[in-house]
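Chemist: predicted model and sequence follow; I will ask about them next.
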Amino acid sequence: MEIIKGIDNYLHKFPTAVTVGKFDGIHLGHEALVSLITTRPGMKSVMVTFSASPRKVLFDHDLKNIITEEERNFILEKKGIDILLVLTFDKTLIKLSPEDFIGLLVNRINMRYLAVGSDFTFGYQGKGNTDLLLQLSGRMDFDLKVIEKIKDEGRDISSSRIRDLIKKGDVAQAGRLLGHPFLIAGSVVHGRHLGTGMGIPTINIIPPENKLLPPFGVYITTVEIRGRIYHGITNVGNNPTISDDNPVTVETNILDPIGDLYEERATVIFHRFIRPEKKFASIEELTEEIKRNIREAREFFNRG
């Protein structure tokens with residue numbers, strides 16, 4: 001997948017099949033759009049997204065991301081997208097009329113097919129909708145496909161619904177609606193090495209500030225490093241048994257140790273919540289609880 005930042009850096013001339021959106025999470029609804037644009041004969045697939053969520057820029061400045069930019073790229077690499085085009089959501093883009101925004105895609109990236117959801121809005125103040133798109137498709141000579149919202153148990157699958165599940169710690173259900181597990185990616189950093197002293201060595205990631213985290217607690221996870229998958233358990237939190245002033249970390253015990261991983265990029269993939277984080281009376285009590293959690297994780301993975 002080629003990643004192009006800024007439409008001025010898009011220099012290709014081939015015809016394209018396009019979908020547009022903020023794609024917060026890359027959920028099952030987005031998967032349906034990706035499937036449409038990656039199967040158009042004679043066209044390259046282009047996913048157009050934004051450097052920051054329009055909702056965050058315009059309305060909710062404290063909004064946390066279900067996926068970060070790195071995590072989004074990790075997911076999309078596996079889905080067959082040819083080009084990810086990231087537009088800067090600045091004053092110029094915000095003020096584009098709906099007609100000018102679609103004209104930009106037609107003229108600059110040779111858009112000949114556009115797939116969007118039925119609730120898609122675009123252009124200045126979100127005044128463009130699918131009715132206008134239908135008119136513009138005839139005027140600007142591109143094919144249009146509008147799909148209805150994907151539903152689960154009678155409810156729309158949406159980023160807001162998935163966000164609520166993550167906040168509740170229901171990572172299993174969130175992953176089902178996403179169509180892929182909830183994950184956290186980052187560089188492995190040095191911790192206090194207390195896990196090693198307890199006979200339970202761990203790897204630590206400092207999560208990005210803009211990342212939506214599940215509730216503090218212990219989760220069954222897998223970790224992808226250098227393209228390989230390892231089983232583990234992960235504590236999200238600040239380790240109150242150790243100290244009252246720890247930073248928030250994503251700390252993973254890989255069940256079968258694999259050596260020095262410092263400064264490696266790691267993607268922690270969440271499968272199931274085990275228990276909330278708590279302050280134990282002693283290090284020994286914490287150690288015994290972690291060993292119980294490890295046994296539960298091994299049983300989970302052994303069941304397949």
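Modeler: Yep, it's here. Given the structure is predicted, the values throughout are model-derived calculations rather than measurements.
Chemist: CA only for contacts and neighbour counts going forward, please
Modeler: Noted.
Chemist: poorly predicted segments of the stretch 101-250 of the chain, please.
Modeler: 190-200, 244 (pLDDT under 70).
Chemist: helices along that one, start to end?
Modeler: Residue ranges of the helices in the stretch 101-250 of the chain, as given by DSSP state H, counting those that start in this stretch, are 130-140, 159-168, 171-178, 194-197.
Chemist: ranking the ones you listed by burial, who's on top?
Modeler: For the helices of the stretch 101-250 of the chain, ranked by mean neighbour count under the definition mean count of other C-alpha atoms under 10 Å, the leader is helix 171-178 at a mean of 21.
Chemist: show me what it is packed up against.
Modeler: Helix 171-178 is packed against helix 159-168, strand 265-276, with contacts defined by 3 or more C-alpha pairs under 8 Å, 6 or more residues apart in numbering; DSSP states H and E.
Chemist: please save the CA atoms from stretch 65-77 in CSV.
Modeler: The C-alpha atoms that make up stretch 65-77 are tabulated as CSV, following Å, rounded to 0.1, in the frame of the first residue of the first chain:
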residue,chain,number,x,y,z
ASN,A,65,-8.9,7.6,18.5
ILE,A,66,-10.0,4.0,18.3
ILE,A,67,-7.0,3.5,16.0
THR,A,68,-3.9,5.7,15.6
GLU,A,69,-2.4,6.5,12.3
GLU,A,70,0.2,3.7,12.7
GLU,A,71,-2.5,1.2,13.7
ARG,A,72,-4.7,2.2,10.7
ASN,A,73,-1.8,1.6,8.3
PHE,A,74,-1.1,-1.8,10.0
ILE,A,75,-4.8,-2.8,9.4
LEU,A,76,-5.1,-1.5,5.8
GLU,A,77,-1.9,-3.1,4.7
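Chemist: and the contacts of that stretch?
Modeler: 1, 24-26, 163, 183-185, 210-212 (C-alpha atoms under 8 Å, 6 or more residues apart in numbering).
Chemist: of these, buried ones?
Modeler: By neighbour count, with 16 or more other C-alpha atoms under 10 Å, the contacts of stretch 65-77 hold 24-26, 163, 183-185, 212 as buried.
Chemist: for residue 258, state which of these is nearest.
Modeler: residue 185 (18.5 Å; C-alpha to C-alpha).
Chemist: in terms of contact, does the closest one touch residue 270 like I think?
Modeler: No - distance between residue 185 and residue 270: 11.2 Å, which falls outside the contact criterion (C-alpha atoms under 8 Å).
Chemist: starting at the chain centroid, how far to the host helix or strand of residue 86?
Modeler: When elements are assigned from DSSP states H and E, residue 86 belongs to strand 83-87. Here the centre of mass of C-alpha atoms in strand 83-87, compared against the chain's by C-alpha atoms, centre = their mean, to the nearest Å, lies 16 Å away.
Chemist: need the contacts of stretch 65-77 in TSV (columns: distance to residue 298).
Modeler: Conversion of the contacts of stretch 65-77 to TSV gives the following (distance: C-alpha to C-alpha, whole Å):
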residue	distance to residue 298
1	35
24	32
25	28
26	29
163	28
183	20
184	21
185	23
210	32
211	28
212	27
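Chemist: which two in the residues you listed are spaced the farthest apart?
Modeler: Going by C-alpha to C-alpha, the two entries of these that are most distant from one another are 1 and 163, at 26.8 Å.
Chemist: okay, which residue is most central for the protein?
Modeler: For the chain, the residue sitting closest to the mean C-alpha position, by C-alpha atoms, centre = their mean, is residue 67 at 2.7 Å.
Chemist: wasn't that residue part of a helix?
Modeler: No - according to DSSP: H, G, I helix; E, B strand; the rest coil, residue 67 belongs to no helix; its state is coil.
Chemist: quick check: it vs residue 183, distance?
Modeler: For residue 67, the distance to residue 183 (C-alpha to C-alpha, to the nearest Å) stands at 8 Å.
Chemist: that older thread, now render the helices and strands packed on helix 171-178 as TSV, adding distance to residue 225.
Modeler: What follows is those, written out as TSV (distance: least, C-alpha to C-alpha, whole Å):
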stretch	distance to residue 225
helix 159-168	24
strand 265-276	5
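Chemist: which parts of the lengthiest helix in the chain are buried?
Modeler: Of all the elements of type helix in the chain, the one with the most residues (DSSP state H) is helix 283-302. Buried positions in helix 283-302, judged by neighbour count with 16+ other C-alpha under 10 Å: 286-287, 290, 293-294, 297-298.
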